[in-house]
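1. Build me a model:
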Amino acid sequence: MLMAVYNGAGRTRALNSCKFRTPARVVQTVNRNDTFSLSYTRVLGDHALNELRGGFNRQPLLTRSNTTLEGFLSSIGFDQTDIAAYGAVVGTSELTTHGIHDNLRSNSRLR
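-> Model prediction:
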């Protein structure tokens, strides 16, 4: 008998990760759990059976800012010329990023 099972669950939440509410410190956390397992069972006789099992589990935890770098800079008083000058130094493509941080490695523990 062959049996396959998939289970997926997820949660998204917004939280303030700082004592002082500033636009840069409000973050969104996305947590997802995907589990896939496969089992094969074979009856060998009246008193014996053989089973083979395997599986895969993935639990990424992604935290990102709710605002882009350009949005944050304008919220703290930068005008478009200041933002353009900042973009010329760090790269204009960086202005549209959300500040993503992958917590997968920092939160994993051996059990």
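
2. what residue ranges in this protein score low on pLDDT?
-> By pLDDT under 70, the low-scoring segments of the chain are 14-27, 99-111.

3. can you tell me the helix or strand for the residue positioned nearest the centre of it?
-> In the chain, the centroid-proximal residue (Cα atoms, centre = their mean) is Leu62; its distance is 2.3 Å. In the assignment (DSSP states H and E), Leu62 maps to strand 61-65.

4. Okay, now the sheet partners of that strand, with direction.
-> In the sheet, strand 61-65 lines up against strand 26-43 (antiparallel), strand 101-102 (antiparallel) (DSSP bridges).

5. Please produce JSON lines containing these, extended by distance to Arg11 and mean neighbour count.
-> Where C-beta positions appear, they are placed from N, C-alpha and C, glycine not excepted. Output for these, formatted as JSON lines (distance: least, Cβ to Cβ, whole Å; neighbours: other Cβ atoms under 10 Å):
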{"stretch": "strand 26-43", "distance to Arg11": "5", "mean neighbour count": "14"}
{"stretch": "strand 101-102", "distance to Arg11": "16", "mean neighbour count": "12"}
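
6. Quick check: what element follows the strand holding Leu62 along the chain?
-> Counting by DSSP H and E, what follows strand 61-65 is helix 69-75.

7. How far away from the center of its chain is that following helix?
-> 23 Å (Cα atoms, centre = their mean, to the nearest Å).

8. Now the helix or strand just after it: buried residues?
-> Next along the chain after helix 69-75, taking DSSP H and E as the criterion, comes helix 80-90. If you call a residue buried by 16 or more other Cβ atoms under 10 Å, then helix 80-90 has these buried ones: Ile83, Tyr86, Gly87.

9. Done for today, thanks.
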